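Engineer: Predicted model and sequence below, questions to follow.
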Amino acid sequence: LHAPFILGVASNEPAADAVYIWTYAEPDSFTQTGVSLTYEIARDSAFTNLLQPGNLTADSSRAYTASLQVTGLDPDTYYWYSFRSSDGATSQIGRTRTLPVNSTDIKLSVTSFSNIIGYFNSFARFAEIIDLNAIVHLGDWAYDNHNEDSDARIMDPNVAVACELEGRRKKDNMHMLDPD
């Protein structure tokens, strides 16, 4: 992933006509008050059919995250989105999907209690499901324990137990940067 978008992009709270899009924008300095961003959302992955570009700011009051609700979308439709910083850096492209109008047609996957020390590949498998409308995550997704005997994966010992805010952020970043 490219700076300042080191944690990628995400979408959430889909509705039949709207969805939220999110990113984290790493500032040049944490004394910086905000990072100016533009976003684009399109009907295709090549962004030839743009819907609504706009501007927003990732600022220190939200830990340099930016989120907005994109409205006026069609039901049961895939959309692609990305963010760009004022210096020209571009985020990865995210894909999202609005819900169908008929709520009996919704297909969900459920996950809970993910731990990066173990096998952390369920999200990659969810991404392979073509007709999935949303993933519902129940419970925690990061733990502060470290299992020395685990053969699943080795975790950075500097962030194995996160007691302070900076350690928590590093641990969350490890989860967000995991390729699966």
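Structural biologist: Yep, that arrived. Just so it is clear, the model here is predicted, and its values are computed rather than measured.

Engineer: give the contact list for residue 80.
Structural biologist: Residues near residue 80 by Cβ atoms under 8 Å, 6 or more residues apart in numbering: 41-45, 47, 93-96. (Each C-beta comes from the backbone N, C-alpha and C, glycine too.)

Engineer: For the protein, which segments are assigned as strands?
Structural biologist: 9-12, 18-24, 34-42, 54-59, 65-71, 78-85, 94-97, 108-112, 134-138 (DSSP state E).

Engineer: one step back: considering the contacts of residue 80, which is situated nearest to residue 64?
Structural biologist: The shortest gap between residue 64 and any of those belongs to residue 94, at 17.6 Å (Cβ to Cβ).

Engineer: what stretches of this protein score poorly on pLDDT?
Structural biologist: 1-3, 30-31, 113-120, 139-180 (pLDDT under 70).

Engineer: What number of residues are in the vicinity of the closest residue to residue 24 other than its chain neighbours?
Structural biologist: What sits nearest to residue 24 in space, not counting adjacent residues and going by Cβ to Cβ, 6 or more residues apart in numbering, is residue 7, at 4.1 Å. By other Cβ atoms under 10 Å, 20 other residues sit near residue 7.

Engineer: Reformat the strands of the chain into JSON lines and put distance to residue 126 next to each item.
Structural biologist: Formatted as JSON lines, those follow (distance: least, Cβ to Cβ, whole Å):
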{"stretch": "strand 9-12", "distance to residue 126": "13"}
{"stretch": "strand 18-24", "distance to residue 126": "17"}
{"stretch": "strand 34-42", "distance to residue 126": "21"}
{"stretch": "strand 54-59", "distance to residue 126": "26"}
{"stretch": "strand 65-71", "distance to residue 126": "21"}
{"stretch": "strand 78-85", "distance to residue 126": "15"}
{"stretch": "strand 94-97", "distance to residue 126": "12"}
{"stretch": "strand 108-112", "distance to residue 126": "5"}
{"stretch": "strand 134-138", "distance to residue 126": "5"}
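
Engineer: closest one to residue 121 among those?
Structural biologist: Across the strands of the chain, closest to residue 121 is strand 108-112 (Cβ to Cβ), at 11.0 Å.

Engineer: what's the neighbour count on residue 97?
Structural biologist: 18.

Engineer: Check residue 93 too.
Structural biologist: 16.

Engineer: Over to residue 66?
Structural biologist: Count around residue 66 with other Cβ under 10 Å applied: 20.
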